[in-house]
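Asker: Please work out how this folds:
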Amino acid sequence: PAWVAEMDPNNTGMIAFESNSMSPTVQLCYGAYNADLLVTPMAGPPVNDTWHVSTAGSDDTGDGSEGNPFATIQAGIDAASDGDTVLVADGTYTGTGNKELTWIGWENHIVVMSVNGPDNCIIDLEDSGRAFTFISGIVDPIWITADDVIEGFTIRNGHPPNWGNGGAIYCYYGYLNDVSPTIRNCVFENNTADLGGVLYVSGGSSLVEDCVFENNSALNGGAVWTGNAGGSTNLVFSNCTFKNNSATSNGGGAFTISNIYPEGTDASPGFKIENCIFDGNSGPYGGAINFYTSTLDVEGCLFINNSASTNGNALYVYNYGGPVIKNCTIADNTGPEAVYCYGFNGTVEPVFVNTIILDENSAFGFENTDQANPIISYCDIQGGFPITGTDGGGNIDADPLFTDSENGDYTLQGSSPCIDAGTADLDGDGEEDITDYIGSSPDMGAFEYMNDDFPECLTDCDGFEEWIDNSPGDNGTDFCNWLLDTII
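Answerer: Predicted structure coming up:
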């Protein structure tokens, strides 16, 4: 801000000066002064914590207020301070100032979000450039963390120069410099790149939630390519939909995951894909996901209508290690087999628990059975247990009786053999790892069976406890659990 100082030396007159310095100084001549010094800030741009952007705004005359917004998203980002929000009004944003957006997190952690969600706020890259680019190196660290948020945009038609990586968002970190934005409630469509049609993450740990990835493509990793993950938070994809994405040369149709290791190692703090839908994706090595020397959790996901031109209609597990697939449904994908295991420098050992694998041809395929050891427990496997692997018990080969798979409903009918056929003890230590199930045991597959004839309020034991006192046990929760086990 600018400052004004006023002095009246010896009560003989007024002296004033102006300064734009945050620490203004006053030089006084020799003499005796008997006066008060009054220092006040001059009128200037508004002090905001929310900066407004609108297609009707102006970067030249706007000040970022709601009544006088900026015209471009980068102008709002540049004006923001730590903890501020850049709020983008409805409209379609194109051109310079609305692509290759970036900021420096160690100076300011900010939120960039739309006013009314992705249906109303579009960043159209017009096949030239990305929406967001975050590159952090040893010399120029930027420290983008989970407090830096991108929320509520449709980002379309991204294409980085010279077939670079990350069609819409590029995250790369150098030595110990985190690049891990939170990406929430966004729609990504018709973006293309070399690696990662939408998102390229090398050495970051983003949270990506409630997003839709549709009709994106890349040479490798049709929607997402990620590898060598690190940073300050776990890399998590939650409640996302991947539909009709494609890899044309290598890797998975939706995901390629390279060199991701389990939580607790020096290489990575962890990685999880949870409650996501993979529908209609295609790639040469894994219609949905390609795991390259990677160990991570995939939980509660649905894989349908995916296809592979070479192997692994849904999943392709390569080199050594492998994911942990828990409570997933893998069904109606097209190609040679649902899951392909290819050990190269070691043994691939993917783990499958409480999962349904029902595919057009076969459940599993192997490059070399000597270097493949899928560990399978409490799963419904089409054709029975594969020709190699470790049988952890509880496996079946039966029609899961989906409610209406032809119309996309992969919940279970009431007579399904998969109901109460899973296990709550996922790691075999004798303790339940799953607690939010109905009945005597968790179900197999991505969707826990809900009896339509059973009152909905009784499926929520916490809510039920609030209005019932008498029970066979000490409280309403005991009665609720007893009733659920007895009736459902």
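Asker: Sketch out the low-pLDDT regions of the stretch 1-150 of the chain for me.
Answerer: Applying pLDDT under 70 to the stretch 1-150 of the chain picks out residues 1-48, 137-141.
Asker: so where do the strands sit in it?
Answerer: 3-7, 15-19, 38-41, 50-53, 85-88, 91-93, 111-114, 121-124, 132-136, 149-151 (DSSP state E, counting those that start in this stretch).
Asker: Run through who's touching the last one.
Answerer: Outside of strand 149-151, the residues that reach it under the criterion CB atoms under 8 Å, 6 or more residues apart in numbering are 110-114, 132, 169, 181-186. Using the backbone N, CA and C atoms, a C-beta is placed for each residue, glycine as well.
Asker: in its sheet, what does it sit against?
Answerer: Looking at strand 149-151 with DSSP bridges, its partner strands are strand 111-114 (parallel), strand 182-184 (parallel).
Asker: Which stretch among those strands approaches residue 376 most closely?
Answerer: Evaluated over the strands paired with strand 149-151, closeness to residue 376 peaks at strand 182-184, with 33.4 Å, by CB to CB.
Asker: tell me the mean pLDDT over the closest one?
Answerer: On average, the pLDDT along strand 182-184 is 97.
Asker: Residues touching it, excluding its own?
Answerer: Residues from elsewhere that reach strand 182-184 (CB under 8 Å, 6+ apart): 146-152, 169, 199, 206-211.
Asker: what's the following helix or strand after that strand?
Answerer: Next in sequence after strand 182-184, counting helices and strands by DSSP states H and E, comes strand 187-189.
Asker: Show me what whichever helix or strand comes after that next one packs onto, helices and strands only.
Answerer: Following strand 187-189 in sequence order, the next helix or strand is strand 192-195 (DSSP H and E). Strand 192-195 sits against strand 217-220, with contacts defined as 3 or more CB pairs under 8 Å, 6 or more residues apart in numbering; DSSP states H and E.
Asker: I'd like the next helix or strand past the strand it packs on.
Answerer: Counting by DSSP H and E, the next helix or strand C-terminal to strand 217-220 is strand 224-227.
Asker: Where is the longest strand in the protein?
Answerer: In the chain, assigned by DSSP state E, the strand with the most residues is strand 339-348.
Asker: Run the chain-centre distance for that strand.
Answerer: Distance of strand 339-348 from its chain centroid, counting by CA atoms, centre = their mean, to the nearest Å, is 27 Å.
Asker: Quick one: mean pLDDT for whatever helix or strand comes next after that strand?
Answerer: Once the chain leaves strand 339-348, the next helix or strand it forms, by DSSP H and E, is strand 351-353. Averaged over strand 351-353, pLDDT sits at 96.
Asker: Tell me which other helices or strands strand 351-353 touches.
Answerer: When contacts are defined as 3+ CB pairs under 8 Å, 6+ apart, strand 351-353 sits against strand 324-326, strand 375-377.
Asker: and residue 340, how far is that from residue 182?
Answerer: Applying CB to CB, to the nearest Å, the value for residue 340 to residue 182 is 33 Å.
Asker: just residue 70 next, same as before
Answerer: Residue 70 is 23 Å from residue 182, by CB to CB.
Asker: Give me the more crowded residue out of these two.
Answerer: residue 70 (27 against 19; other CB atoms under 10 Å).
Asker: How about the more buried one: which residues does it bridge to?
Answerer: Residues in a beta bridge with residue 70, per DSSP bridges, are residue 53.
Asker: Isn't it up against residue 56?
Answerer: No - look at residue 70 against residue 56 with CB atoms under 8 Å: they stay out of range, at 10.6 Å.
Asker: Where does pLDDT dip in the stretch 251-400 of the chain?
Answerer: Residue ranges of the stretch 251-400 of the chain with pLDDT under 70: 261-270.
Asker: picking that back up, which one of the contacts of strand 182-184 is nearest residue 311?
Answerer: Of these, the one sitting nearest to residue 311 (CB to CB) turns out to be residue 199, at 24.6 Å.
Asker: residues in contact with the closest one?
Answerer: 166, 168, 169, 171, 183, 188, 206, 208, 223, 224, 225, 226.
Asker: can you rerun that using 7 Å?
Answerer: Residue 199 makes contact with 166, 168, 169, 223, 224 under the criterion CB atoms under 7 Å, 6 or more residues apart in numbering.
Asker: Now the first one. Its backbone dihedrals?
Answerer: Spelled out, it's residue 166. Main-chain torsions, residue 166, degrees, to the nearest 10: phi 70, psi 90.
Asker: Need the nearest residue in space to it, chain neighbours excluded.
Answerer: Counting by CB to CB, 6 or more residues apart in numbering, residue 166 lies nearest to residue 200, which is 3.2 Å off, once chain neighbours are set aside.
Asker: Over to the second one?
Answerer: Nearest-residue entry for residue 168: residue 158, 4.2 Å, with adjacent residues in sequence omitted and distances by CB to CB, 6+ apart.
Asker: Okay, that neighbour and residue 350: tell me how far apart.
Answerer: Going from residue 158 to residue 350 by CB to CB gives 32 Å.
Asker: So the two - more neighbours on which side?
Answerer: For residue 158 versus residue 350, the count of surrounding residues by other CB under 10 Å is larger for residue 158: 30 against 23.
Asker: tell me the pLDDT at that one?
Answerer: Residue 158 is assigned 98 on the pLDDT scale.
Asker: so which of the contacts of strand 182-184 comes closest to residue 286?
Answerer: For these, the minimum distance to residue 286 (CB to CB) is 16.9 Å, reached by residue 199.
Asker: List the beta-bridge partners for that closest one.
Answerer: Judged by DSSP bridges, the bridge partners of residue 199 are residue 169, residue 224.
Asker: ok, now how distant is it from residue 65?
Answerer: Taking CB to CB, one finds residue 199 at 33 Å from residue 65.
Asker: just to revisit the earlier point, could you say which one of the helices and strands packed on strand 351-353 comes nearest to residue 356?
Answerer: Between residue 356 and the helices and strands packed on strand 351-353, the shortest gap by CB to CB is with strand 324-326, which sits at 10.6 Å.
Asker: So residue 257 versus residue 162, what's the distance?
Answerer: Distance, residue 257 to residue 162, by CB to CB: 25 Å.
Asker: actually residue 339, sorry about that
Answerer: Separation of residue 339 from residue 162 (CB to CB) stands at 35 Å.
Asker: Could you find the closest non-adjacent residue to residue 291?
Answerer: Distances taken as CB to CB, 6+ apart put residue 317 closest to residue 291, at 4.9 Å, once the chain neighbours are dropped.
Asker: Let me fix that, I meant to ask about residue 365.
Answerer: Counting by CB to CB, 6+ apart, the residue nearest residue 365 is residue 337, at 3.6 Å.
Asker: Then residue 434?
Answerer: With sequence-adjacent residues excluded and distances taken as CB to CB, 6+ apart, residue 434 is closest to residue 424, at 4.4 Å.
Asker: doesn't residue 430 make contact with the one you found?
Answerer: No - using CB atoms under 7 Å, residue 424 is not in contact with residue 430; the gap is 10.7 Å.
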